[in-house]
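Novice: Mind looking at a prediction? Sequence and model below.
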Amino acid sequence: MSEQAFTNYRRDEPSCANVALTPAKLLAISRGFLCLFWGLPVGLMLFTGAISLAVFRQFRLPAYVIGVLIAYCGVLHLRRTGSLTPLWNRRLRMAILLALLQVYLAPFLHWWERAPTQSYFTANVIVLLFATAWAFFVINMLAAELARVLRDNTFRIESQLSAWISFFLMLLPLFEVLAVSAALQASAGGSSLVEFIPALFLLPRWASAFIVVPFTLTMAVAWKAKEQALHRLAAGGGPARTEGSPR
């Protein structure tokens, strides 16, 4: 971290400490993170089950979009809190953009499964997976911003670590997409590389278990953020207290 960035970070601390956490804001925070908590397992179960919804005759939508919409409702609840920190609203806008992008790109997953050799479908699925990984990062960083307001450094560090771990682990499916597309394209072109492509890009079966880790980490962070808001609500709300301040 550069000296200028560190100075800006320290300059933001007093503004975070003076944030008035009213009961309405705390209730919105708890509801928002609760929706995020439930949206993640719903998305995971429907995604791994490869379930799809027939919206129209020729248009099918992956059912995990339901989990995305539940998480989107959580972001809308969090927007009711106003600007808690300098980065709070920016991360909320990013979360909304990523949710809309996931819904828009969701049909390409179904189309890619039917035609994995199409480069256009493959490119959109890669963007979808990257947007999903970035969404996990943003959710965890929202919890880190809440921890900064609450002056809970332990929870803030925990949320930041969860953000980076979740982001990198959610990129693992990219290798699967690249391996399948490259192998099928090589097979269609009669290339001798078709036997080597899966060995280079395709992940072992046990590696797929790591996909569950981002969901469990982010769910734990979202639940803890919800509990932090409820505890402050039970204590009567008010300005965020600094460490060591009287209760």
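Specialist: On my side now, so go ahead.

Novice: Please count neighbours and contacts with C-alpha atoms only from this point.
Specialist: Will do.

Novice: just for this protein, where's the confidence low?
Specialist: Along the chain, segments meeting pLDDT under 70 span 1-19, 44-64, 179-209, 237-247.

Novice: which residues in it form helices?
Specialist: Taking DSSP state H to define them, one finds helices in the chain at 3-17, 23-48, 65-79, 88-114, 119-149, 153-169, 172-188, 197-201, 212-234.

Novice: can you redo these as TSV with mean neighbour count?
Specialist: Shown next, in TSV, are those (neighbours: other CA atoms under 10 Å):
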stretch	mean neighbour count
helix 3-17	13
helix 23-48	21
helix 65-79	22
helix 88-114	18
helix 119-149	22
helix 153-169	20
helix 172-188	18
helix 197-201	15
helix 212-234	20
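
Novice: what's near enough to touch the nearest residue to residue 134 once chain neighbours are set aside?
Specialist: Distances taken as CA to CA, 6 or more residues apart in numbering place residue 167 nearest to residue 134, at 6.1 Å, with adjacent residues excluded. Listed by CA atoms under 8 Å, 6 or more residues apart in numbering, the contact partners of residue 167 are 133-134, 136-137, 214.

Novice: How much space separates residue 167 from residue 176?
Specialist: To residue 176, residue 167 is 16 Å away according to CA to CA, to the nearest Å.

Novice: what do you get for residue 229?
Specialist: Relative to residue 176, residue 229 is positioned 39 Å away (CA to CA).

Novice: Spatially nearest residue to residue 112, not counting backbone neighbours?
Specialist: residue 121 (5.2 Å).

Novice: residues contacting that neighbour?
Specialist: By CA under 8 Å, 6+ apart, residue 121 lies in contact with 108-109, 111-112, 115.

Novice: next one: residue 169
Specialist: If you count contacts by CA under 8 Å, 6+ apart, then residue 169 has 133, 210-211, 213-214 around it.

Novice: 6 Å instead?
Specialist: Residue 169 makes no contacts at all, as judged by CA atoms under 6 Å, 6 or more residues apart in numbering.

Novice: please begin residue numbering at 498 from this point
Specialist: All right, first residue 498 from here; so that's residue 666.

Novice: quick one on the thing from earlier: want to throw the contacts of residue 664 into a markdown table with distance to residue 533?
Specialist: Putting these into a markdown table (distance: CA to CA, whole Å) gives the following:
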| residue | distance to residue 533 |
| --- | --- |
| 630 | 15 |
| 631 | 15 |
| 633 | 10 |
| 634 | 13 |
| 711 | 13 |
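
Novice: Closest one to residue 574 out of those residues, please.
Specialist: residue 633 (17.6 Å; CA to CA).

Novice: Could you check how far that closest one is from residue 610?
Specialist: Distance, residue 633 to residue 610, using CA to CA: 24 Å.
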